[in-house]
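K.L.:
what follows is a predicted structure for the sequence shown.
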Amino acid sequence: MRCAASQSRWCPFEGSRGRRGRGLRGASSATWRRPECAKGRARDRRVLLSREGLRAVPPSAEELQKTYGLTNEEGKSVAFEEGRGGLTKVVLNHACGSSAEVYLYGACVTSWKQASGDEVLYVRPDAKFDRTKAISGGIPICFPQFGPGEMKQHGFARDSVWSVASTSADYNPDDRDPNVELVLEDSEGTRECGFPHAFRVSYSITLHRETLQTDFRVINTGDSAFEFTAALHSYFEVAGVENASISGLGGLTYLNKVPDPNNPKQETEANEEVAFSGETDRIYTEAPSEVVLNVGTGAGVQIQNENWSDCVVWNPWTSMEACYKEFVCVENAKTSERVKLEPNQSWRARADFEVKDLI
Ligand SMILES: O=P(O)(O)OC[C@H]1O[C@@H](O)[C@H](O)[C@@H](O)[C@@H]1O
């Protein structure tokens with residue numbers, strides 16, 4: 001069986017190729033270059049799926065490196081390493097100098113750096129890397145519930161250990177895109193969490209030059225239907241929350257969770273640019289396929305998506321005094337309407353993140 005990621009080489013935003021990188025802090029990145037020759041060695045592994053799921057201890061970074069690590073002439077293209085707290089992470093390095101880090105615990109992308117070295121994502125100072133709590137920051141995955149709801153807020157995917165399905169770096173022989181595909185399947189642990197269904201979630205993360213690409217799929221592998229909600233709970237670093245704003249949401253209806261998260265108030269966005277001046281917790285429904293987060297430096301994060309129909313905007317304000325000025329969450333979500341999957345049906349959503357010069 002070939003891995004799903006290598007069956008479909010998805011690259012919807014070809015227009016972004018070859019653009020010169022710009023750091024988030026506004027400094028133009030002069031380090032971007034097209035590699036003269038990036039002869040990465042591609043491997044396509046048969047998927048070895050663990051059904052241990054939630055409570056599983058993953059193979060060591062060393063073992064995974066032997067099986068799935070990929071090197072090329074520029075160095076390590078896909079590398080498995082011991083990360084914070086001894087947790088295993090996979091590091092994607094693009095020849096242009098960009099990189100991303102993904103923890104198997106939660107399939108959480110905790111770092112995405114431009115070729116300049118500038119970090120785009122934000123990990124909260126209170127984030128735990130000891131498996132006692134989901135990682136607070138980066139791009140945690142909410143599944144099978146965004147919340148609030150019957151199970152714990154945001155579901156169990158973000159504090160489950162995911163398995164490695166495949167790695168590759170073979171999009172284009174002259175310009176390889178490091179990729180990892182992680183999977184989560186039902187287990188005793190997931191059933192104990194209040195989701196008694198057979199499923200497979202596949203999450204593919206690729207660095208296409210400086211662009212971070214994600215491809216999220218849920219498959220009903222059982223013999224009865226189930227419903228779910230989900231989100232990429234993305235935390236972005238900003239240069240002061242009051243300097244940040246989001247474009248693309250003007251005129252949309254949103255559910256305002258601040259007064260009462262269990263009974264959100266429906267409102268309409270009156271501003272073209274959504275700015276922050278207090279606690280913000282909103283679900284914009286029927287969101288567009290593109291929004292841009294101005295991080296307050298003249299640079300922005302363009303978020304393009306397919307099939308993530310809601311956009312969640314969150315900043316906790318002074319309830320997180322230590323860090324609220326430093327990040328905002330702009331989350332691709334599917335939550336205002338549940339997805340129902342019949343046996344053998346699947347649902348797929350994709351999101352691409354790219355840093356843009358807004359000046
Ligand atoms: O679980 P975390 O990472 O602390 O984030 C919590 C927040 O996550 C956001 O997605 C929700 O909209 C908020 O209501 C919630 O408070």
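P.N.:
Noted; the coordinates are in hand.
K.L.:
so which bits of the strand or helix carrying residue 352 are buried?
P.N.:
For residue 352, the host element (DSSP states H and E) is strand 346-357. Going by neighbour count (16 or more other C-beta atoms under 10 Å), the buried part of strand 346-357 is 346-347, 349-355. No exception for glycine: its C-beta is placed from N, CA and C like everyone else's.
K.L.:
stretch 164-180 now?
P.N.:
For stretch 164-180, burial by neighbour count (16+ other C-beta under 10 Å) applies to 164-171, 175-180.
K.L.:
for the buried residues of strand 346-357, which one is nearest the ligand?
P.N.:
residue 351 (15.1 Å; C-beta to the nearest ligand atom).
K.L.:
for the ligand, what's its nearest residue on the stretch 51-200 of the chain.
P.N.:
residue 136 (4.7 Å).
K.L.:
ok, the chain next?
P.N.:
Residue of the chain nearest the ligand, by C-beta to the nearest ligand atom: residue 314 (4.2 Å).
K.L.:
what's the helix or strand for that residue?
P.N.:
Using DSSP H and E, residue 314 maps to strand 310-315.
K.L.:
can I get that strand in PDB, CA atoms only?
P.N.:
C-alpha atoms of strand 310-315 as PDB (Å, rounded to 0.1, in the frame of the first residue of the first chain):
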ATOM      1  CA  ASP A 310     -15.100  28.400  10.000                       C
ATOM      2  CA  CYS A 311     -12.400  30.700  11.300                       C
ATOM      3  CA  VAL A 312     -11.900  31.000  15.100                       C
ATOM      4  CA  VAL A 313     -10.200  34.100  16.500                       C
ATOM      5  CA  TRP A 314      -9.000  33.900  20.000                       C
ATOM      6  CA  ASN A 315      -7.000  36.000  22.400                       C
END
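K.L.:
ok, back up a step: pretty sure the residue of the chain closest to the ligand contacts residue 331?
P.N.:
Yes - assessed by C-beta atoms under 8 Å, residue 314 is found in contact with residue 331 at 7.0 Å.
K.L.:
contacting residues for the closest residue to residue 320 other than its chain neighbours?
P.N.:
Distances taken as C-beta to C-beta, 6 or more residues apart in numbering place residue 124 nearest to residue 320, at 7.4 Å, with adjacent residues excluded. Taking C-beta atoms under 8 Å, 6 or more residues apart in numbering, we find residue 124 in contact with 136-137, 235, 320, 323, 327.
K.L.:
now, those that are in strands?
P.N.:
235, 327 (DSSP state E).
K.L.:
ok, so of the contacts of residue 124, who is nearest residue 111?
P.N.:
residue 137 (9.6 Å; C-beta to C-beta).
K.L.:
measure residue 339 to residue 213 for me?
P.N.:
21 Å (C-beta to C-beta, to the nearest Å).
K.L.:
what ranges do the helices span in the stretch 101-250 of the chain?
P.N.:
Along the stretch 101-250 of the chain, counting by DSSP state H, counting those that start in this stretch, helices occupy 188-192.
K.L.:
need the residues of the stretch 1-150 of the chain near the ligand, please.
P.N.:
By C-beta under 6 Å from any ligand atom, the residues of the stretch 1-150 of the chain that approach the ligand are residue 136.
K.L.:
low-confidence ranges, the stretch 1-150 of the chain, go.
P.N.:
1-57, 74 (pLDDT under 70).
K.L.:
repeat the analysis, applying 80 as the threshold.
P.N.:
Within the stretch 1-150 of the chain, the segments meeting pLDDT under 80 span 1-58, 72-75.
K.L.:
ranges for the strands of it?
P.N.:
Counting by DSSP state E, counting those that start in this stretch, residue ranges of the strands within the stretch 1-150 of the chain are 70-72, 75-82, 88-93, 99-103, 108-113, 141-142.
K.L.:
so what are the sheet partners of the fourth one and their directions?
P.N.:
What it means is strand 99-103. Using DSSP bridges, the strands paired with strand 99-103 are strand 88-93 (antiparallel), strand 108-113 (antiparallel).
K.L.:
next, the angle strand 75-82 makes with that strand.
P.N.:
Using axes from the mean of the first three to the mean of the last three C-alpha atoms, to 10 degrees, one finds that strand 99-103 and strand 75-82 are set 30 degrees apart in direction.
K.L.:
with adjacent residues omitted, what lies nearest to residue 82?
P.N.:
Closest residue in space to residue 82, ignoring its immediate chain neighbours: residue 61 at 4.8 Å, by C-beta to C-beta, 6+ apart.
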